[in-house]
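need coordinates for the below:
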Amino acid sequence: MDKYEKRGVSASKSEVHEAIKHLDKGLYPNAFCKILPDYAAQDPDYCNIMHADTAGTKTSLAFLYWKETGDINVWKGIAQDALVMNLDDMACAGVTGDFLISSTIGRNKNLIPGEVLAAIIEGTQEFIQKMASLDVQIHHAGGETADVGDIVRTADVGFTAFARLPREEVVVNNIQPGDVVIGLSSYGQASYESCYNSGIGSNGLTFARHEVLGHKYAALFPETYDPQVPDDLVYSGRMNLTDVVQETGMTVGEMLLSPTRTYLPVLKEVLKKHRKKIHGIIHCTGGGLTKVLHFIDNLNIVKDNIIDIPPVFRMIQKQTGAKWEEMFGVFNMGTRLEIYLPQKDVEELLPTLREFNIRAQIIGKCFASDEKKVTIAVREGEFNYKS
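This is a model prediction of the structure:
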């Protein structure tokens with residue numbers, strides 16, 4: 001068992017997938033999200049998508065940073081993290097607008113005061129307004145805030161999102177031999193972002209914060225970790241949240257808490273212009289660059305030209321000594337969105353992607369195989385992953 005699992009989490013979510021394997025998979029089982037009939041309006045030409053997700057344990061890191069620096073604005077980023085984990089998944093299934101969202105915030109009232117709730121709500125509104133300026137419509141239906149200190153150690157921030165979509169616009173993953181993989185960078189500064197994004201996203205933060213940050217945080221903030229985790233795996237790194245990382249000029253805390261980049265404005269344009277050409281869209285969240293394994297059969301996807309690994313992941317690997325094979329199976333490693341399509345259509349697609357100042361390139365190709373497999377070939381080695 002690797003360190004990630006010993007801390008009580010799973011990058012692959014194998015137990016979750018096992019638990020739900022017998023559930024109905026909806027109208028289009030290979031879509032990125034479950035697609036249902038149009039129960040809302042009973043229109044046979046439409047379908048419904050409902051999705052729920054949270055910012056995960058990134059809230060524990062936000063708590064640490066807020067307590068150490070006093071910066072309340074870090075909680076605004078947590079709102080974006082939770083929203084993007086929902087909306088970008090739905091975008092991979094074809095939805096790029098008219099989302100209805102509802103928030104669910106659980107907090108330990110003794111530790112999370114009203115000003116934190118206000119910052120989360122303000123961050124939600126700011127994200128909605130930014131997306132509206134880019135013609136992506138999100139409608140806030142309210143939500144629930146619960147004081148549940150008996151079961152939530154600090155705070156848990158999540159959203160549920162809903163949308164109706166014409167069935168003809170659904171993106172169903174049908175990745176084929178000969179398809180190429182276009183990767184979109186998770187880091188840098190997109191045209192619609194106000195500052196540099198480290199690319200960390202909202203996956204692997206349990207691993208990152210415990211492996212990078214020093215053990216002093218265990219004594220100072222015991223509420224930020226599971227007391228059942230072995231002591232030698234609790235904040236077992238050497239860095240402080242306020243240490244500056246030379247390559248970026250950002251602190252460790254700022255890098256680990258960069259709000260998850262949304263690709264909604266990009267996918268809105270891509271699907272408007274190129275929907276029929278696309279064979280698959282994968283949001284590389286849980287499982288990192290192996291995420292696509294859930295959506296293929298009899299394919300070996302070879303990724304041998306990945307986007308350069310950004311400083312945040314090199315920092316994590318250097319501080320932890322983690323095996324590169326594990327890193328690629330936990331983190332996005334600089335590529336958080338993949339688009340699969342025939343080689344002949346690539347040159348038409350790339351200019352649309354690059355309108356947003358996001359690096360995009362061919363990172364791999366799909367080959368027929370007797371098994372489903374992802375091969376990552378980089379200068380650090382060649383790693384093979386199977387479902």
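
residue nearest the centroid of the protein?
By C-alpha atoms, centre = their mean, the chain has its centre lying nearest to residue 285, at 4.0 Å.

who are the contact partners of that one?
By C-beta atoms under 8 Å, 6 or more residues apart in numbering, the contact set of residue 285 is 85, 89, 201, 202, 203, 291, 332, 336. Placement of C-beta: from N, CA and C, glycine included.

so among those, where is pLDDT lowest?
The lowest pLDDT within the contacts of residue 285 belongs to residue 203, with 91.

local confidence estimate at the residue nearest to the centre of the chain?
The score at residue 285 is 94. That number is its pLDDT.

with residue 122 instead?
Looking at residue 122, the pLDDT reads 98.

how about it, secondary structure?
Recorded secondary structure, residue 122: helix (DSSP: H, G, I helix; E, B strand; the rest coil).

distance of it from residue 129?
For residue 122, the distance to residue 129 (C-beta to C-beta, to the nearest Å) stands at 11 Å.

neighbour count: those two, which is higher?
Neighbour count, other C-beta atoms under 10 Å: between residue 122 and residue 129, residue 122 has more, with 15 against 10.

and the helix or strand residue 337 falls within, which residues are buried?
Here residue 337 sits within strand 335-342, counting by DSSP states H and E. By 16 or more other C-beta atoms under 10 Å, the buried positions in strand 335-342 come out as 335, 336, 337, 338, 339, 340, 341.

OK, contacts around the second one?
With contacts defined as C-beta under 8 Å, 6+ apart, residue 336 is in contact with 184, 185, 186, 199, 201, 261, 263, 283, 284, 285.

next SSE downstream of the strand holding residue 337?
helix 346-354.

so for that next one, mean pLDDT?
For helix 346-354, mean pLDDT is 93.

burial measure for residue 143, as a count.
Residue 143 has 15 neighbours, counted by other C-beta under 10 Å.

hang on, isn't residue 280 packed against residue 342?
No: with contact defined as C-beta atoms under 8 Å, residue 280 does not reach residue 342; the gap is 11.4 Å.

what residues do the two have in common as contacts?
Shared contacts of residue 280 and residue 342 (C-beta under 8 Å, 6+ apart): residue 179.

so, low pLDDT: which residues of the chain?
In the predicted model of the chain, residues 1-17, 20 satisfy pLDDT under 70.

which strand or helix spans residue 132?
Counting by DSSP H and E, the element that carries residue 132 is helix 114-133.

distance from the helix or strand hosting residue 88 to the middle of the chain?
Assigned by DSSP H and E, residue 88 belongs to helix 74-92. Mean-position distance between helix 74-92 and its chain equals 8 Å (C-alpha atoms, centre = their mean, to the nearest Å).

what of stretch 293-300?
Relative to the chain's own centre, stretch 293-300 is displaced by 20 Å; criterion: C-alpha atoms, centre = their mean.

now it: buried residues?
Residues 293, 294, 295, 296, 299, 300 are the ones in stretch 293-300 that count as buried (16+ other C-beta under 10 Å).

what sits up against it?
Residues contacting stretch 293-300 (C-beta under 8 Å, 6+ apart): 17, 30, 32, 173, 175-177, 280, 282, 287, 366-375, 385-387.

likewise for stretch 129-138?
In contact with stretch 129-138 (C-beta under 8 Å, 6+ apart) are residues 83, 87, 96-99, 101, 127-128, 192, 262, 264-265, 268.
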